[in-house]
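S.K.: here is my input; please provide its structure:
(chains A and B)
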Amino acid sequence: MAVELPEGVVLSRLDALANWCRKNSLWPMPFATACCGIELMATAASRYDLARFGAEVFRFSPRQADLMIVAGRVVMKMLPVLQRIWLQMPEPKWCISMGACASTGGVFDTYAVVQGIDRFLPVDMYIPGCPPRPEQLIQAVLDLQEKIQAEGTLSGREFQRPWAQVRRRVFDPQGLVQLEVPPALRSEQASRN
Amino acid sequence: MSDRPSYDEQLQQRLREAFPEYPLSTFRGQLRMVAPAAELMSTMRRLKEEFGFDMLVDVTCVDYLHYRGAKDRFGLVYLLADTENNRRLTVRVYLNEPELTVPSMYPLWKAADWLEREVWDMFGIRFAGHPDHRRILLPEEFTAHPLRKDYPLQGRGERHNFPVLTRPES
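M.R.: Reported below is the predicted structural model:
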């Protein structure tokens, strides 16, 4: 039996309400180290206008941001800084890996350049391109909004799920990197099969 | 046209007289000289005080490993400039392992400070008497000298040697 609602009242889950608030007011932290940063600035400026999607308030302090956009290559000397900035951002927080270099190292396959920030940080969205067009970044923000709306919870439970964990990498001096799948993920994989 | 030798010719002549044993040559109008490592400090001091090379433009290095016809492993290159007469001189010093130490040029030119630190960082050449002999570009804990030709381009795993942050941890 349906409950009669007074006019102007909408029922929703609290999670959905929180997600709706969060997704429409993302505060990006621009971690721009290379030419992708120029496209990032163009996206935020008047022509492409990221403000249309509620993500225009760029904050250069990680304490005031909830979306880190890593735009450009990250060298091994910069990675501890990147990790520290990520840790300083308050929950809930998301990360966009913008461009080929941030996602895979790009053409910079050298001793100093980290081959993809997702080796050391959780990443929510990857943007291909060298550098990506502003439209691609906007699409990534829209996709992230969709992801937040679909998966987000008020308590942040989605961040505790096994698939949200980055696989641990074991470093050995031979330069070979071995993958270690966490036990929780292994059991989830087994149940899916 | 006068019969007087040009300043370049005079400089070459004076350098030949001052350093008769050192090979002196020109390449595309640029003067080059090779000095032995043992006499580097005295040579450079004379170049500065007697020849007027008052500016150290660059200190860099070449690794001649696997280089065709090369007899020595490293070639340390000093680029000098005489800002009054607008003349330049390249001084080259050949070095071989294990004696990869040369005197620092910091007492003569303060510019040597960071330039020599970079050569130490990338090639592992030591500069005796340098006031601040540290790495300049790579992190302190880096152990190799990556511009040496026997260092692999993709490194020895240094770029992957970091803790991994997971969602629950961060």
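S.K.: which residues touch the lowest-mean-pLDDT helix or strand in chain B?
M.R.: Taking mean pLDDT, DSSP states H and E as the measure, the helix or strand of chain B with the lowest value is helix B:7-18, at a mean of 88. Outside helix B:7-18, the residues that touch it by Cβ atoms under 8 Å, 6 or more residues apart in numbering or on different chains are B:5, B:24, B:26, B:29, B:31, B:33, B:46, B:50-51, B:85, B:87, B:89. Using the backbone N, CA and C atoms, a C-beta is placed for each residue, glycine as well.
S.K.: select only the buried ones of these in PyMOL?
M.R.: A single PyMOL command selects the buried members of the contacts of helix B:7-18 (16 or more other Cβ atoms under 10 Å in any protein chain shown):
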select buried, chain B and resi 31+33+51+87+89
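S.K.: keep only those of the contacts of helix B:7-18 that are in strands.
M.R.: Taking DSSP state E as the definition of strands, the contacts of helix B:7-18 contribute B:24, B:26, B:31, B:33, B:87, B:89.
S.K.: please name the residues that touch the fifth one.
M.R.: Applying Cβ under 8 Å, 6+ apart, we find B:Arg87 in contact with B:7-8, B:11, B:31, B:53, B:81.
S.K.: list buried residues within these.
M.R.: B:11, B:31, B:53, B:81.
S.K.: what about the residue nearest to A:Pro122 when sequence neighbours are not counted, how many neighbours?
M.R.: Once flanking residues are discounted, A:Pro122 sits nearest to B:Arg167: 4.7 Å by Cβ to Cβ, 6 or more residues apart in numbering or on different chains. Number of residues near B:Arg167 (other Cβ atoms under 10 Å in any protein chain shown) recorded here: 20.
S.K.: can you check B:Ser6 too?
M.R.: So B:Ser6, with other Cβ under 10 Å, has 9 neighbours.
S.K.: give the contact list for it.
M.R.: Contacts of B:Ser6 (Cβ under 8 Å, 6+ apart): none.
S.K.: likewise A:Trp20?
M.R.: A:Gln149.
S.K.: tell me the confidence at residue 143?
M.R.: This is for chain A. The confidence metric pLDDT takes the value 94 at A:Asp143.
S.K.: the intended chain is chain B.
M.R.: The model's pLDDT for B:Thr143 equals 87.
S.K.: that one - how many residues pack around it?
M.R.: Neighbour count of B:Thr143, defined by other Cβ under 10 Å: 7.
S.K.: report the contact partners of it.
M.R.: Contacts of B:Thr143 (Cβ under 8 Å, 6+ apart): none.
S.K.: distance check, it against B:Arg126.
M.R.: Here B:Thr143 is placed at a distance of 15 Å from B:Arg126 (Cβ to Cβ, to the nearest Å).
S.K.: just A:Arg119 next, same as before
M.R.: 35 Å.
S.K.: higher neighbour count, the two?
M.R.: Per other Cβ under 10 Å, whichever of A:Arg119 and B:Arg126 has more neighbours is A:Arg119, with 19 against 14.
S.K.: can you get me a residue count around the closest residue to chain A within chain B?
M.R.: Relative to chain A, the nearest point of chain B is B:Gly155 (2.8 Å; Cβ to the nearest Cβ). By other Cβ under 10 Å, 20 other residues sit near B:Gly155.
S.K.: just give the nearest non-adjacent residue to it, would you?
M.R.: A:Tyr111 (2.8 Å).
S.K.: quick one, what contacts the one you found?
M.R.: A:76, B:146, B:151-156, B:158-159.
S.K.: surely it is within a strand?
M.R.: No: counting by DSSP: H, G, I helix; E, B strand; the rest coil, A:Tyr111 falls outside a strand, being coil.
S.K.: give me the mean pLDDT for stretch B:153-160.
M.R.: 85.
S.K.: bridging across strands, which residues link to A:Ser97?
M.R.: A:Ser97 forms beta bridges with A:Val70, A:Tyr126, as assigned by DSSP bridges.
S.K.: I figured it hits A:Gly129, correct?
M.R.: No: shown here, A:Ser97 and A:Gly129 do not form a contact pair, counting by Cβ atoms under 8 Å, at 11.4 Å.
S.K.: neighbour-wise, which of these two wins?
M.R.: A:Ser97 (26 against 14).
S.K.: what's the distance between that one and B:Ser42?
M.R.: Taking Cβ to Cβ, one finds A:Ser97 at 56 Å from B:Ser42.
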